[in-house]
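*Asks:* Mind folding the following:
(one chain, ligands or ions: 1)
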Amino acid sequence: MALGAALREFSGVWFGWSGQTVDSYTGQLRVERHAGITIATVDLDEQDRNEYYNGYANRTLWPLFHYRTDLTAYERSFDAGYQRGNARFAQALAPLIQPDDFIWVQDYHLALLARELRALGVRNRIGFFLHIPWPGRRTFTTLPRHRELVTALLDYDLIGFQAEDFRDAFADYIVQTAKGSVAADGSVRALGRASRIGAFPIGLDVEAFEAATRSEAAAETAARLAASAAGRQVILGVDRLDYSKGLEERFLAYEQLLADHPELHEKLFLLQIATLSREEVEAYKDLRARLDTVSGRINGAFATMDWVPLRYVNRAYRRDELAGMYRAAALGLVTPLRDGMNLVAKEYVAAQDPDDPGVLVLSEFAGAAAQLRAALIVNPMSREDVAEAIRRGLAMPLMERKSRWRDLMAEVRRTPVEAWRDAFVAALREAPAPATPPRVAVGDTRSTAPTA
Ligand code: ADQ
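*Replies:* Numbering: from 1, shown residues only. Have a look, this model is predicted:
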């Protein structure tokens, strides 16, 4: 949704992996038009899927950047896969690049892309946006060859983060570990390179989301959920099935609430939508099995003939259906253990009825917590904290709900996706132009530091 808004404004080309694998890599581009946007994709091979996508991206960088060193794989073959994946993308992309194009690279899968493009002689401005947290220095430096990763990142002209916290954590690494400097305007000099950093919180396409909320499908879904709730209050969670989202901790907090407050039984239920994700990765299979167990235990212990306290659903829903569910829920439960931003929190707010809004319970460790201060902010690690916030939220008087919601909605409107896009593009325009080094053999350009 976010990138759609950017591409429509700048009539750009979206380039990336097709999601398909082939027996042997060819690098052949497929170019299509879809809803006014040009999409260029390339297939990867099976080894890339294992070592690059499921490997270094989703078994090394994802857990590490979400502070799960216990789940982080530090394997050299993954490292090589990541280099190869980024190099392949650069080779496939380079022929498409026009001299005055901006290149905006999204997320942790592509940290090396600028370095690889520079090695092929691409001198355009290239920006990078990280959708996930940047971890603290002590956590990040557990990554073997962390310096190489940061050096490659500094080949970008601009590195964007979701929140000031993450930008500051990166700056801390630059100053303390890389012995470089970060100026007040975000200019970075380190490891023989110059770049710029900034915080660009992502937001919703508010108009599109409000339209989804007003749609017939949303109204139907909201009515269906309300009818099946039979007067009970609905607590709603919507997440990819991912350990960073704190689903297991959330279930345990809910279990505690039910154990401590028998007077609430049959008056509420939790609807948890947890769409399957990265199913080939072991940690996701393990989590799924644990969630099956805990949800079964909760329902086994507390359900009655006509009340199921936890409705746990693994299927995916369309945006307009989700909007209807958000609207029908008295409480939105968004409790990730770590999250770059978390757009579900913003969507829940945007879908509410201004005359009778629900309450948002939000983890202090989501990037969104820096903006959505009027939510009930909780520590997702603490069952008591989360259980208490649910109880308080469900009992909150209408006046307080309205006043909190007005503040939340003002924040959602203040930083829509267009603001994210425009701020990033403006900062990339202002970033010092990449150096034009003398044409030397490809490969030598890597060691040429851009000058400001
Ligand atoms: P995600 O980890 O995928 O994204 P999130 O921001 O919560 O996290 O969700 C992105 C989108 O997916 C939302 O529009 C949401 O509605 C949709 N979605 C999530 N669960 C769904 C479900 N079960 N069914 C249907 N749709 C679902 C990463 C980072 C986040 C960051 C985003 C955007 O991890 O922190 O907010 O990128 O930058």
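*Asks:* Need phi/psi at the residue of the stretch 51-200 of the chain found nearest the ligand.
*Replies:* Closest residue of the stretch 51-200 of the chain to the ligand, CB to the nearest ligand atom: residue 131 (3.7 Å). Yep, even glycine has a C-beta here, placed from its N, CA and C like the rest. In terms of degrees, to the nearest 10, the main-chain angles of residue 131 are phi -80, psi -10.
*Asks:* Report the contact partners of it.
*Replies:* By CB atoms under 8 Å, 6 or more residues apart in numbering, residue 131 lies in contact with 106-108, 162, 202, 340-341.
*Asks:* which residues are contacting the host helix or strand of residue 324?
*Replies:* In the assignment (DSSP states H and E), residue 324 maps to helix 319-328. When contacts are defined by CB under 8 Å, 6+ apart, helix 319-328 is touched by residues 1, 209, 212-213, 215, 217-226, 229, 234, 236, 238, 271, 273, 317, 332, 347-348, 351-353, 358.
*Asks:* Could you do stretch 26-39 as well?
*Replies:* Stretch 26-39 is contacted from outside by 4, 7-8, 12-15, 18, 40-43, 88, 91-92, 96, using CB under 8 Å, 6+ apart.
*Asks:* Stretch 403-422 too?
*Replies:* 1-2, 5-6, 9, 200-206, 346, 349-350, 352, 354, 357, 359-360, 371-375, 396.
*Asks:* and after the helix or strand bottoming out on mean pLDDT in the chain, which helix or strand comes next?
*Replies:* Taking mean pLDDT, DSSP states H and E as the measure, the chain has helix 2-10 as its least confident helix or strand, at a mean of 80. Proceeding N to C from helix 2-10, the next assigned helix or strand is strand 13-22, under DSSP H and E.
*Asks:* Can you name every helix or strand that that following strand contacts?
*Replies:* strand 37-45, helix 76-93 (3 or more CB pairs under 8 Å, 6 or more residues apart in numbering; DSSP states H and E).
*Asks:* Let me have those in JSON lines, adding distance to residue 402 as columns.
*Replies:* Output for the helices and strands packed on strand 13-22, formatted as JSON lines (distance: least, CB to CB, whole Å):
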{"stretch": "strand 37-45", "distance to residue 402": "39"}
{"stretch": "helix 76-93", "distance to residue 402": "48"}
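*Asks:* winner for burial among these?
*Replies:* Highest mean neighbour count among those (mean count of other CB atoms under 10 Å): helix 76-93, with a mean of 19.
*Asks:* list the helices and strands that one packs on?
*Replies:* Using 3+ CB pairs under 8 Å, 6+ apart, helix 76-93 sits against strand 13-22, strand 37-45, helix 113-119.
*Asks:* Buried residues in the longest helix anywhere in the chain, which are they?
*Replies:* Counting by DSSP state H, the longest helix found in the chain is helix 282-302. For helix 282-302, burial by neighbour count (16 or more other CB atoms under 10 Å) applies to 283-284, 287-288, 291, 294-295, 298, 302.
*Asks:* Check stretch 244-256 too.
*Replies:* Applying a neighbour-count criterion of 16+ other CB under 10 Å, the buried positions in stretch 244-256 are 244-256.
*Asks:* Redo those as CSV? Include secondary structure and distance to the ligand.
*Replies:* Formatted as CSV, those follow (DSSP: H, G, I helix; E, B strand; the rest coil; distance: CB to the nearest ligand atom, whole Å):
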residue, secondary structure, distance to the ligand
244, helix, 7
245, helix, 7
246, coil, 12
247, helix, 11
248, helix, 16
249, helix, 16
250, helix, 14
251, helix, 15
252, helix, 20
253, helix, 19
254, helix, 17
255, helix, 21
256, helix, 24
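*Asks:* domains of this protein?
*Replies:* Domains of the chain are assigned by automatic domain parsing as 2-203+418-451, 206-414.
*Asks:* The ones you listed: lowest mean pLDDT?
*Replies:* If you rank those by mean pLDDT, domain 2-203+418-451 sits at the bottom with a mean of 91.
*Asks:* chain center to that domain, what's the gap?
*Replies:* On the basis of CA atoms, centre = their mean, to the nearest Å, domain 2-203+418-451 sits 15 Å off its chain's mean C-alpha point.
*Asks:* Quick check: the residue of the stretch 351-452 of the chain nearest the ligand.
*Replies:* residue 367 (6.0 Å).
*Asks:* which phi and psi does that residue have?
*Replies:* Backbone geometry at residue 367, expressed as degrees, to the nearest 10, gives phi -50, psi -30.
*Asks:* Could you tell me which residues make contact with residue 356?
*Replies:* Residue 356 is in contact with 398, 401, counting by CB under 8 Å, 6+ apart.
*Asks:* Using the three-state scheme, assign it.
*Replies:* Here residue 356 is coil, with the state taken from DSSP: H, G, I helix; E, B strand; the rest coil.
*Asks:* dump the residue contacts of the closest residue to residue 110 other than its chain neighbours.
*Replies:* Using CB to CB, 6 or more residues apart in numbering and skipping residues adjacent in sequence, the residue nearest residue 110 is residue 86, 6.3 Å away. By CB under 8 Å, 6+ apart, the residues touching residue 86 are 110-113, 115-116.
*Asks:* what's the closest non-adjacent residue to residue 41?
*Replies:* Using CB to CB, 6+ apart, the nearest residue to residue 41 is residue 18, at 3.8 Å.
*Asks:* That neighbour reaches residue 43, doesn't it?
*Replies:* Yes. If you go by CB atoms under 8 Å, residue 18 and residue 43 touch, sitting 5.2 Å apart.
*Asks:* hang on, the earlier thing: tell me the one of the contacts of stretch 26-39 nearest the ligand?
*Replies:* The ligand lies nearest to residue 4 out of the contacts of stretch 26-39, by CB to the nearest ligand atom, at 11.6 Å.
*Asks:* who's the residue nearest to the closest one when sequence neighbours are not counted bridged to?
*Replies:* In space, and not counting its chain neighbours, residue 4 is closest to residue 37: 7.0 Å by CB to CB, 6+ apart. Under the criterion DSSP bridges, residue 37 forms beta bridges with residue 34.
*Asks:* How about the residues of the stretch 251-400 of the chain by the ligand?
*Replies:* Counting by CB under 6 Å from any ligand atom, the residues of the stretch 251-400 of the chain close to the ligand are 273, 275, 316-317, 322, 339-344, 347.
*Asks:* one more time with 5 Å
*Replies:* 273, 275, 316, 339-344 (CB under 5 Å from any ligand atom).
*Asks:* ok, now the stretch 51-200 of the chain?
*Replies:* So the stretch 51-200 of the chain meets the ligand at residue 131 (CB under 5 Å from any ligand atom).
*Asks:* ok, 8 Å please
*Replies:* For the stretch 51-200 of the chain, the contact set with the ligand under CB under 8 Å from any ligand atom comprises 107, 131-133, 162.
*Asks:* what about burial for these, which qualify?
*Replies:* Applying 16+ other CB under 10 Å to those flags 131-133, 162 as buried.
*Asks:* could I get the residues you listed as CSV with secondary structure?
*Replies:* Output for those, formatted as CSV (three-state DSSP):
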residue, secondary structure
131, coil
132, coil
133, coil
162, coil
